[in-house]
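>>> No sequence on hand, only this structure:
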């Protein structure tokens, strides 16, 4: 059974991940997003260039109509998994998921 402390930590971690994704994908505030992604960030997707710069460059090159809409979010300890829709104000959607960890 989860303790109140772990529920608080997990709720805080979920909020942090949602804020980070919104800051980068929707607001495209790269200076603010730098608070969430370390310069040592490890990019696990083979189709995205390595590191934080690779991720940021991908978003910079995406159409301005790209939107990020979180769906299911699950947290356990320091791990957060998000299922989300990357979409467009033009009607295109891509179902995607990813995880974040303060351990990496």
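Happy to help now that I have it. Bear in mind the structure is a predicted one, so any value in this text is a computation, not a measurement.
>>> For residue 42, pull up the helix or strand it's in.
Using DSSP states H and E, residue 42 is not contained in any helix or strand.
>>> hmm, I was thinking of residue 84
strand 79-88.
>>> Just after the longest helix seen in the chain, pick out the following helix or strand.
The single longest helix within the chain, with elements called by DSSP state H, is helix 4-21. Per DSSP H and E, the first helix or strand lying C-terminal to helix 4-21 is helix 30-33.
>>> before we move on, back to that, pull out the buried positions in the longest helix of the chain.
By neighbour count on 16 or more other CB atoms under 10 Å, the buried set for helix 4-21 is 9-10, 13-14, 16-18, 20-21. C-betas here are computed from N, CA, C, even on glycine.
>>> Adding distance to residue 73 and pLDDT, write those residues out as TSV.
Formatted as TSV, the buried residues of helix 4-21 follow (distance: CB to CB, whole Å; pLDDT from 0 to 100):
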residue	distance to residue 73	pLDDT
9	14	88
10	10	90
13	10	91
14	5	92
16	11	93
17	7	92
18	7	93
20	12	94
21	10	92
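>>> quick one on the thing from earlier: how many degrees apart are the strand holding residue 84 and helix 4-21 in direction?
30 degrees (axes from the mean of the first three to the mean of the last three CA atoms, to 10 degrees).
>>> List the pairing partners of strand 79-88 within its sheet, with orientation.
Take DSSP bridges as the rule and strand 79-88 pairs in its sheet with strand 66-76 (antiparallel), strand 93-101 (antiparallel).
>>> which other residues reach the longest helix of the chain?
Here helix 4-21 makes contact (CB atoms under 8 Å, 6 or more residues apart in numbering) with 2, 33, 36-37, 68, 70, 73, 75-78, 80, 82, 84, 100, 102.
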